[in-house]
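# 3D model of this:
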Amino acid sequence: MYPDSIKNLVEAFKYLPGIGQKTAERYAFSVLDLDEEQVDLFANSLQDVKKNIHNCKVCNILTEDDYCFICTNDTRNKEVLCVVDDVKTVFVFESMGMFKGHYHVLDGLISPLEGINPEDIGVGKLIDRIRNSSFREIIFAFKPSIEGETTSLYIKRVLDGLNIKTTRLASGVPMGADMEYIDNLTLERALSDRKELE
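Now for the predicted structure:
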């Protein structure tokens, strides 16, 4: 029922996660309300992101250069490495401004059930980096899941004997949560990570 140009734009918006038919139609008609300059900026931004953004050669963070803003920053703590499975996690940490070490982004998590092995997520590159650096602590910042636990334990086992401390983010019951709605893995982690009251 729509002209081809609008129909094609609606279909293009549906490529984005969480965008269904109605939302895509609303976005497409919103584009018609933009002036020429705004449409050019939108189109150019899409092309620029696709053309210019790639992974840092060292840590896999998204960058426009060969090396990212963290790997080129000499003031960062070179003894602590935070390993994540999603580049968006890095930007969350950086927006908080609390972590001053380095990062390494894996291409997902180990999942034998889905056929995802260590070599599929770039664990070899991470291990080589650790062996050739001066890191004294590796922090695993994975989501609390079987896959996250499997990946952490696998990397820890490979690093055994290197005299490097391995830690993971504390996790457990969030403030104000009803116990009946908390999943078993979260409760198990909260119980095993319990701390003495001071």
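# Distance from the chain centre to the longest helix seen in the chain, please.
In the chain, assigned by DSSP state H, the helix with the most residues is helix 36-52. Centre-to-centre, helix 36-52 and its host chain are 24 Å apart (C-alpha atoms, centre = their mean, to the nearest Å).
# Let the chain start at 10 from now.
Noted, 10 is the first residue going forward, which turns the last one into helix 45-61.
# moving C-terminal of that helix, what's the next helix or strand?
strand 63-64 (DSSP states H and E).
# Other residues contacting that next one?
Here strand 63-64 makes contact (C-beta atoms under 8 Å, 6 or more residues apart in numbering) with 70-73, 114. For glycine as for every other residue, the C-beta is placed from the backbone atoms N, C-alpha and C.
# Quick check: which element contains Thr175?
Per DSSP H and E: strand 174-177 holds Thr175.
# other SSEs contacting that strand?
Here strand 174-177 touches strand 146-149, helix 155-168, going by 3 or more C-beta pairs under 8 Å, 6 or more residues apart in numbering; DSSP states H and E.
# Direction included, what does it pair up with?
strand 146-149 (parallel) (DSSP bridges).
# can you pull the buried residues of the strand it pairs with?
By neighbour count with 16 or more other C-beta atoms under 10 Å, strand 146-149 contains the buried residues 147-149.
# got those as TSV, with distance to Val93 columns?
TSV is the format used below for those (distance: C-beta to C-beta, whole Å):
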residue	distance to Val93
Ile147	12
Ile148	9
Phe149	8
